[in-house]
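Asks: Need the 3D shape of this:
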Amino acid sequence: MADTLRALIAESLAVVRWEAPPLWDALGQRLAGLHLDLALGEERFGIRAEAGEVRVVPPGPAAVRLVTDATVIAALLDGQLTLAAAVQGDRLQLFGTLDDLRRLLAGLHVYLHAAVRAPGFGPLRARFAALDPQAGPGPGRAAAPRPEVIDGDVEQG
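Replies: Residues are numbered from 1 along each chain as shown. Take a look at the predicted model:
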């Protein structure tokens, strides 16, 4: 069965929890009490952060909505795109109160730090990239160059 963004997000949260406990705690603190609605391409699901737990749940009422796709997630995880550039370029859309959006962005920063530090994220990054339709034709074959983001500007590499 092919990976879905929902399954990869859930698996990545488990990796953070077990391989980077301090970052797991920080993620739970930043997102405590926040209910998120994620629209990632064709997929829609929620994330709930309560009582030290951050988990993927079915879609439902939420304080914050995040809209993006696999291309943006792969670029963020690969360090080819910053959160600021993604938001400014409308590639990552966020909806909610200013306070909730600040908390979400703080949580996303922690999550991205964990993606760099947790060893189990290496194989996950490759699986996220495999869902990216712009990633190229496959392993071992040449892929089209991906745009490079420098200070919020996109330059073809």
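Asks: Quick check: the residue lying closest to residue 116 once chain neighbours are set aside vs residue 87, distance?
Replies: What sits nearest to residue 116 in space, not counting adjacent residues and going by C-beta to C-beta, 6 or more residues apart in numbering, is residue 79, at 7.8 Å. Bear in mind the C-beta positions are built from the backbone N, C-alpha and C, glycine included. Using C-beta to C-beta, to the nearest Å, we find residue 79 at a distance of 16 Å from residue 87.
Asks: State the next helix or strand along the chain beyond the strand ranked longest in the chain.
Replies: As assigned by DSSP state E, the longest strand anywhere in the chain is strand 43-50. Proceeding N to C from strand 43-50, the next assigned helix or strand is strand 53-57, under DSSP states H and E.
Asks: neighbouring strands for that next one, and are they parallel or not?
Replies: Partner strands and pairing direction for strand 53-57 (DSSP bridges) are strand 43-50 (antiparallel).
Asks: ok, residues contacting the strand it pairs with?
Replies: The contact list for strand 43-50 (C-beta atoms under 8 Å, 6 or more residues apart in numbering) reads 4-6, 9, 27-28, 31-38, 54-60, 62, 107.
Asks: Tell me the secondary structure at residue 119.
Replies: Under DSSP: H, G, I helix; E, B strand; the rest coil, the three-state class of residue 119 is coil.
Asks: Give me the below-cutoff pLDDT ranges for this protein.
Replies: Scanning the chain with the threshold set as pLDDT under 70 gives 1, 132-157.
Asks: if we go to 80?
Replies: By pLDDT under 80, the weakly predicted segments of the chain are 1-2, 132-157.
Asks: Let's check: the centremost residue of it is which one?
Replies: What sits nearest the mean C-alpha location of the chain, by C-alpha atoms, centre = their mean, is residue 73, with 5.1 Å.
Asks: could you measure that one against residue 81, distance?
Replies: As judged by C-beta to C-beta, residue 73 and residue 81 stand 9 Å apart.
Asks: Likewise for residue 97?
Replies: As judged by C-beta to C-beta, residue 97 and residue 81 stand 25 Å apart.
Asks: Over to residue 69?
Replies: 12 Å.
Asks: out of those two, which sits in the busier spot?
Replies: Using other C-beta atoms under 10 Å as the criterion, residue 69 and residue 81 rank with residue 81 on top: 24 against 19.
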